[in-house]
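**Student:** return atomic coordinates for the entry below.
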Amino acid sequence: MAKILITGGTGLVGNQLSKILSNSGHEVRHLSRTPDPDAEFPTFEWNIKENFLDPKAIDGITHIIHLAGAGVADKRWTDDRKKVIINSRVDSIKLLYNEVKSANLKLDSFISASAIGYYGMDTGESHLDENSSAGEDFLAEVVKKWETEADTFAAITKVAKVRIGVVLSEKGGAMVEIAKPINYLVGAPLGSGKQYMSWIHLEDLCQVFAYVLENNLEGTYNATAPNPVTNEALTKTLAKALKKPLFLPNVPGFMMKLILGEMAEMVLGGNYVLSDKIQSTGFKFKFTEVEAAVKDLV
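**Tutor:** The predicted structure is shown next:
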């Protein structure tokens, strides 16, 4: 049985992952800015700005899974917001590292969430693996700093970084946002619609994290389903599953840029990301085709 501390444990991924790990017999704890005594899992306080972490949170733990970080799509990217996005990832790892080192804790692994944004927001039809070059835009900058900070843990334990693709879930994230206009009969592909979306079902993503932990893997792994699809294909698949028509023309790119500013590149651009590396270790995706994933979720 592993004793696992999860940051961001109440989020979309953390909540599901916590249940999977607990059901497998592991002990799970959470960190939170506002611990709830009635929470499903034992929760301890941390405050990144105040550089505080309740020492009881790390007592006896064997693994840390780091999922916490300000949402990149929650607010428009002002200069201040960009700092929040970066600092929430970098400073949180610094705090964790300092506390673990000060306690002379013997961790078996540090597993950090990362993102396929590492490759850049728009890489066209290029097929990307973990050895592909980093991008030069803001998201790539975020991920590079995020991963560099995660690698500091290599001085004391094994480090794994999971580069997450577009997460499909009925509880939040990209699929919910795409479904909203479809349900109101105003759904349409974005921009050209030909940009690739390297998606992953929430269940498979959580299983990737669990697999990395239970198999003592280290290094960087792309967490994307084996068959990326275009924005247009995903939109049409979702509309079909919802039994809603799509009759509007694509939403022009310039309109998205007016609404979202620099952040529009996240949806107008795209990536074709390969997950061969995690599959070569023996991991098997439950959902390899987007039609099956969407049908399961709708």
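
**Student:** which parts of the chain are helices?
**Tutor:** Under the criterion DSSP state H, the chain contains helices at 12-23, 79-102, 138-150, 174-183, 202-214, 231-242, 253-260, 265-268, 276-280, 290-297.

**Student:** out of the ones you listed, which comes closest to residue 166?
**Tutor:** helix 174-183 (4.9 Å; Cβ to Cβ). C-beta: built from backbone N, CA, C; applies to glycine.

**Student:** follow-up on the earlier one: Throw the helices of the chain into CSV and include mean neighbour count, distance to residue 196 and mean pLDDT, thanks.
**Tutor:** Formatted as CSV, the helices of the chain follow (neighbours: other Cβ atoms under 10 Å; distance: least, Cβ to Cβ, whole Å; pLDDT from 0 to 100):
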stretch, mean neighbour count, distance to residue 196, mean pLDDT
helix 12-23, 19, 22, 96
helix 79-102, 17, 24, 96
helix 138-150, 20, 15, 97
helix 174-183, 17, 13, 84
helix 202-214, 22, 18, 98
helix 231-242, 20, 8, 92
helix 253-260, 14, 16, 78
helix 265-268, 22, 12, 81
helix 276-280, 15, 16, 98
helix 290-297, 18, 12, 94
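
**Student:** just put those helices in CSV and tack on distance to residue 46.
**Tutor:** Formatted as CSV, the helices of the chain follow (distance: least, Cβ to Cβ, whole Å):
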stretch, distance to residue 46
helix 12-23, 14
helix 79-102, 7
helix 138-150, 16
helix 174-183, 28
helix 202-214, 20
helix 231-242, 36
helix 253-260, 31
helix 265-268, 28
helix 276-280, 29
helix 290-297, 32
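
**Student:** of all those, which lies closest to residue 51?
**Tutor:** It's helix 79-102; of the helices of the chain, that one is closest to residue 51 (Cβ to Cβ) at 6.0 Å.

**Student:** who are the packing partners of the closest one?
**Tutor:** strand 52-53, strand 63-66, helix 138-150 (3 or more Cβ pairs under 8 Å, 6 or more residues apart in numbering; DSSP states H and E).

**Student:** ok, residue 16 - contacts?
**Tutor:** For residue 16, the contact set (Cβ atoms under 8 Å, 6 or more residues apart in numbering) comprises 202-203, 206.

**Student:** name the nearest of those residues relative to residue 244.
**Tutor:** Nearest to residue 244 among the contacts of residue 16 is residue 202, at 22.2 Å by Cβ to Cβ.

**Student:** my guess is that closest one contacts residue 167. True?
**Tutor:** Yes: with contact defined as Cβ atoms under 8 Å, residue 202 reaches residue 167; the gap is 5.7 Å.

**Student:** now for the two: what residues contact both?
**Tutor:** Shared contacts of residue 202 and residue 167, defined by Cβ under 8 Å, 6+ apart, comprise 12-13, 173.

**Student:** can you put those in TSV and add distance to residue 238?
**Tutor:** Compiled in TSV, the shared contacts of residue 202 and residue 167 are given as follows (distance: Cβ to Cβ, whole Å):
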residue	distance to residue 238
12	18
13	20
173	13
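
**Student:** what's the nearest residue in space to residue 260 that is not next to it in sequence sitting at in phi/psi?
**Tutor:** In space, and not counting its chain neighbours, residue 260 is closest to residue 76: 7.0 Å by Cβ to Cβ, 6 or more residues apart in numbering. Torsion angles at residue 76 (phi, psi; degrees, to the nearest 10) stand at phi -60, psi 150.
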